[in-house]
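In: can't give you the sequence, but here's the structure:
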């Protein structure tokens, strides 16, 4: 899978941006985070029971397929 910002990242690697310019861009993105969190439909914390159940199911399937 390719990143959608590949060209931007390569331009940073090539030194096409000054440090302060990148810090400013990072601050702008950081300031957007609270609004993104507010609009997100993700839960505040992972459902550990669901994760553990999924893990057990995956392991059971894996070991069943391997004949173990």
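Out: That came through fine. Because the structure is predicted, anything quoted here is derived from the model rather than measured. Numbering: from 1, shown residues only.
In: okay, CA-based contacts and neighbour counts for the rest of this
Out: OK.
In: any low-confidence regions in the chain?
Out: Low-confidence segments of the chain (pLDDT under 70): none present.
In: so in it, which helix runs the longest?
Out: helix 19-39 (DSSP state H).
In: so what's the gap between that one and the chain middle?
Out: Helix 19-39 has its C-alpha centroid displaced from the chain centroid by 16 Å (Cα atoms, centre = their mean, to the nearest Å).
In: quick check: next helix or strand after that helix?
Out: For helix 19-39, the following helix or strand on the C-terminal side (DSSP states H and E) is helix 48-65.
In: any idea how far that next one is from the middle of the chain?
Out: Distance of helix 48-65 from the chain centroid (Cα atoms, centre = their mean) equals 23 Å.
In: going forward, count from 32.
Out: Sure thing, new numbering starts at 32, so read that last one as helix 79-96.
In: hmm, who's touching stretch 47-55?
Out: residue 42 (Cα atoms under 8 Å, 6 or more residues apart in numbering).
In: give me the buried positions along the longest helix of the chain.
Out: Across helix 50-70, burial judged by 16 or more other Cα atoms under 10 Å covers no residue at all.
In: do stretch 38-52 as well
Out: Of the residues in stretch 38-52, none is buried (16+ other Cα under 10 Å).
In: what's the first-to-last distance across it?
Out: End-to-end distance of stretch 38-52 (Cα to Cα, to the nearest Å): 17 Å.
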